[in-house]
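K.L.:
Let's see this in three dimensions:
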Amino acid sequence: MRGFWLMRVARAREQRVLRDSLLTGFRLWGVRRVQRRTIVGGIAGCVVLAAVGLWNWRMVAVVLGAAVMVATALSHRGRSSEETLEPAGEGWAFGGERIAFRLVSDVLDRKPREITERLAARYRPGQLVEMVLWVVASDRTGQLWTLVQDRFGDDVPSVTSSAVGLVPGVCDPYLEAQRLSLSETGLALADVLVVGWGTDTSLDARRDAIIVIGQTGVGVEQLGSHVYEGGARRSHLIELHPDAVARSLASVDARRWQGAAVRGLVQCIDVLYPGSGPLVEELVADPWRNRRMFSRVGRLTKGAGDRDELVVSPVVLKVIDGGITEQREEREVGKPFNVERALSWEATSRAVPTRYR
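P.N.:
Residues are numbered from 1 along each chain as shown. Reported below is the predicted structural model:
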């Protein structure tokens, strides 16, 4: 099983290397240009410091201190840029929507020891983060499937990965993924891939999340028969194919999906079918836009249907036993109501004088 996943990862890495090698000449030229500029700048700086030193030695100390501070800030920025793979913001642009997840570190092709060390460097001991796990199983033909979890316990129903749970930030993610899968699905994992981690602000909550893909050795039939504890959750199988994944993503509004779960599912399908991420994004763009438009119309017209039914109470003059008597008749007017239309209808349908209050 692990060989299959490693083959997929190696193929994706080869495509990325081929794409990056197209700009190798420009990068090397840029490095030589930066080195030349650095040498020239260093010589110019020495000349300026020497001239300033002949005038005032205190000014030299101030300039050196400022240079040290700038160099420290630039080095810190260079180190932090290795962790920040996406621009600062509250989400990830995908399918015309802003998915509320920002990937901080992509470690799909890293070694397990390096991943563990980077987690230990990022989080404090005892700090809890969320693990988002996609459990994968294969059928008799070798086609891979995964389990999608629907949650109904909150005010707004949500959709997320096969298993979600809290784990220590400083941990072995491979071991924690095994524990999470056993506790949530009862299935042991034969292979685990750590996609990365980042900040998830979806579903009205803010937390750090580690995205993991785990493959189990059981058949897809056993995976599909899983039932979550409690009545607030249920699951359904989807085929790990770009078309099936796109249909599953577009079946609900984008804001009902957990952001980290969307990122993990798209990354999983991109590992199996390299380059299929843009295809999935194109397939979900129109359905998500239509759902957003309909939900916006629903919010605008939400109050119109909440009004009480209008009751028209005309006072009708009737002749009873030779005398004129006032009598009130109540009629309900269906929604949407139009008072002017109701009044004109009453006025034209009666032969006797009618007045209203």
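K.L.:
hang on, isn't Arg122 packed against Gly196?
P.N.:
No - using CB atoms under 8 Å, Arg122 makes no contact with Gly196, being 11.3 Å away. The way it works is simple: take the backbone N, C-alpha and C, and place the C-beta from them, glycine included.
K.L.:
Who has more neighbours out of the two?
P.N.:
Counting neighbours by other CB atoms under 10 Å for Arg122 and for Gly196 shows that Gly196 has the greater number, 22 against 16.
K.L.:
show me the residues around that one that make contact.
P.N.:
By CB atoms under 8 Å, 6 or more residues apart in numbering, the contact set of Gly196 is Leu103, Val104, Ser105, Asp106, Val107, Leu108, Ile210, Ile211.
K.L.:
For it, which residues count as its bridge partners?
P.N.:
Beta-bridge partners for Gly196, by DSSP bridges, are Asp106, Ile211.
K.L.:
Distance check, it against Ile213.
P.N.:
11 Å (CB to CB, to the nearest Å).
K.L.:
Contacts only, for the closest residue to Leu166 other than its chain neighbours.
P.N.:
In space, and not counting its chain neighbours, Leu166 is closest to Leu128: 4.7 Å by CB to CB, 6 or more residues apart in numbering. Counting by CB under 8 Å, 6+ apart, Leu128 touches Leu166, Val167, Pro168, Gly169.
K.L.:
For the second one, I want the exact helix or strand it lies within.
P.N.:
Assigned by DSSP states H and E, Val167 belongs to strand 163-168.
K.L.:
which residues of the stretch 101-250 of the chain fall in helices?
P.N.:
Secondary structure of the stretch 101-250 of the chain (DSSP state H, counting those that start in this stretch): helices at 112-122, 173-184, 220-224, 242-250.
K.L.:
among the ones you listed, which is nearest Glu281?
P.N.:
helix 242-250 (8.5 Å; CB to CB).
K.L.:
Can you name the element that comes right after that closest one?
P.N.:
The helix or strand immediately downstream of helix 242-250 is helix 259-272, counting by DSSP H and E.
K.L.:
rewinding a little: what strands flank the strand holding Val167, and is each parallel or antiparallel?
P.N.:
strand 128-138 (antiparallel).
K.L.:
buried ones in the partner strand?
P.N.:
Buried residues in strand 128-138, counted by 16 or more other CB atoms under 10 Å: Val129, Glu130, Met131, Val132, Leu133, Trp134, Val135, Val136, Ala137, Ser138.
K.L.:
pLDDT (mean, whole number) over that strand?
P.N.:
Across strand 128-138, pLDDT averages out at 96.
K.L.:
That strand to helix 259-272, inter-axis angle?
P.N.:
40 degrees (axes from the mean of the first three to the mean of the last three CA atoms, to 10 degrees).
K.L.:
With only the CA atoms kept, save strand 128-138 in PDB.
P.N.:
Provided in PDB are the C-alpha atoms of strand 128-138 (Å, rounded to 0.1, in the frame of the first residue of the first chain):
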ATOM      1  CA  LEU A 128      -3.800  20.900  21.200                       C
ATOM      2  CA  VAL A 129      -4.500  21.100  17.500                       C
ATOM      3  CA  GLU A 130      -7.100  19.500  15.200                       C
ATOM      4  CA  MET A 131      -6.300  16.500  13.000                       C
ATOM      5  CA  VAL A 132      -8.300  16.200   9.900                       C
ATOM      6  CA  LEU A 133      -8.000  12.600   8.600                       C
ATOM      7  CA  TRP A 134      -9.300  11.200   5.300                       C
ATOM      8  CA  VAL A 135      -9.500   7.400   5.500                       C
ATOM      9  CA  VAL A 136      -9.100   5.700   2.100                       C
ATOM     10  CA  ALA A 137     -10.000   2.100   1.100                       C
ATOM     11  CA  SER A 138      -9.900   0.200  -2.200                       C
END
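K.L.:
and the angle from that strand to helix 173-184?
P.N.:
Here strand 128-138 runs at an angle of 80 degrees relative to helix 173-184 (the same axes, to 10 degrees).
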